[in-house]
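Asker: pasted the sequence and its predicted model underneath.
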Amino acid sequence: GNSVTQMEGPVTLSEEAFLTINCTYTATGYPSLFWYVQYPGEGLQLLLKATKADDKGSNKGFEATYRKETTSFHLEKGSVQVSDSAVYFCALSLSNFGNEKLTFGTGTRLTIIP
Amino acid sequence: ETGVTQTPRHLVMGMTNKKSLKCEQHLGHNAMYWYKQSAKKPLELMFVYNFKEQTENNSVPSRFSPECPNSSHLFLHLHTLQPEDSALYLCASSQRLGTDTQYFGPGTRLTVL
């Protein structure tokens, strides 16, 4: 079946540090890949996505590249801010004759300290 | 503001109670979803509706009963729940099923005593 594996948190970094959150996937076809973010007390919001191999998704200084050869979609940001503190979810969606659905990882809690 | 609202935001209920969760989307989307978010577990898809028709029931116990009267509203009726059902219940919508971006509501934090 399809699955997503994320690095376990929590992750604590100082402001302006470099961030990497690892995500790898298992899928029977060619999925679309997503990063969602959940700020405290809120629902999930789409952060970025990539729909085919070698695509790079980017938003708010975050980037992730769809690597088919390593089945990975690692999230990176060059200089994090306190406002980036949230839970980050990697997810995939795979076409299945109209019955597509998102499969999520367990989430990684990120805390940025000033 | 994501355009998806959920009420109530918090709910405490006993195992013999009956309650309902409500979700409303103001985005003109055709697909709506219920998810369960428990601590240290992946987000679990519960139900999917497309144009008011249920297209997926992900082996959810019958004590959870969804209802979708129109494309803008989604309910989750709860009865005789168990303490392990305590979780954050998230509603989402998308323009179409599949790889379209899903927009999530803030969730209902449910505690079953």
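Answerer: Yep, that arrived. What you see is a predicted model, and the numbers here were worked out from it, not measured in a lab.
Asker: tell me the bridge partners for residue 13.
Answerer: Using chain A. The bridge-partner assignment for A:Leu13, based on DSSP bridges, gives A:Ile112.
Asker: I was after chain B.
Answerer: Listed beta-bridge partners, B:Met13: B:Val112 (assigned using DSSP bridges).
Asker: from memory it sits against B:Leu110, does it?
Answerer: Yes - counting by CB atoms under 8 Å, B:Leu110 is a contact partner of B:Met13 at 7.3 Å. C-beta here means a position set from N, CA and C on the backbone, and glycine is covered the same way.
Asker: quick check: neighbours shared by these two?
Answerer: Common neighbours of B:Met13 and B:Leu110 (criterion: CB atoms under 8 Å, 6 or more residues apart in numbering or on different chains): B:78, B:81.
Asker: alongside chain B, which residues does chain A contribute?
Answerer: Within chain A, the residues that sit near chain B (CB under 8 Å from any CB of the partner chain) are A:4, A:32, A:36, A:41-46, A:49, A:51, A:89, A:93, A:95, A:98-107.
Asker: filter the residues you listed down to the ones in helices?
Answerer: If you go by DSSP state H, the residues of chain A next to chain B have nothing in helices.
Asker: which members of those occur in strands, if any?
Answerer: Among the residues of chain A next to chain B, the ones falling in strands (DSSP state E) are A:4, A:32, A:36, A:44-46, A:49, A:89, A:93, A:102-104.
Asker: ok, B:Gln54 - contacts?
Answerer: For B:Gln54, the contact set (CB under 8 Å, 6+ apart) comprises B:47-48, B:66, B:68.
Asker: and the spatially most central residue of chain B, what are its bridge partners?
Answerer: Closest residue to the average C-alpha location of chain B: B:Trp34 at 3.1 Å, with CA atoms, centre = their mean. In this entry, B:Trp34 is beta-bridged to B:Phe47, B:Cys91, by DSSP bridges.
Asker: in terms of secondary structure, what does the least confident helix or strand in chain A by mean pLDDT contact?
Answerer: Every helix and strand in chain A was compared by mean pLDDT, DSSP states H and E; the lowest is strand A:102-104, with a mean of 87. Judged by 3 or more CB pairs under 8 Å, 6 or more residues apart in numbering or on different chains; DSSP states H and E, strand A:102-104 is in contact with strand A:3-6, strand A:86-93.
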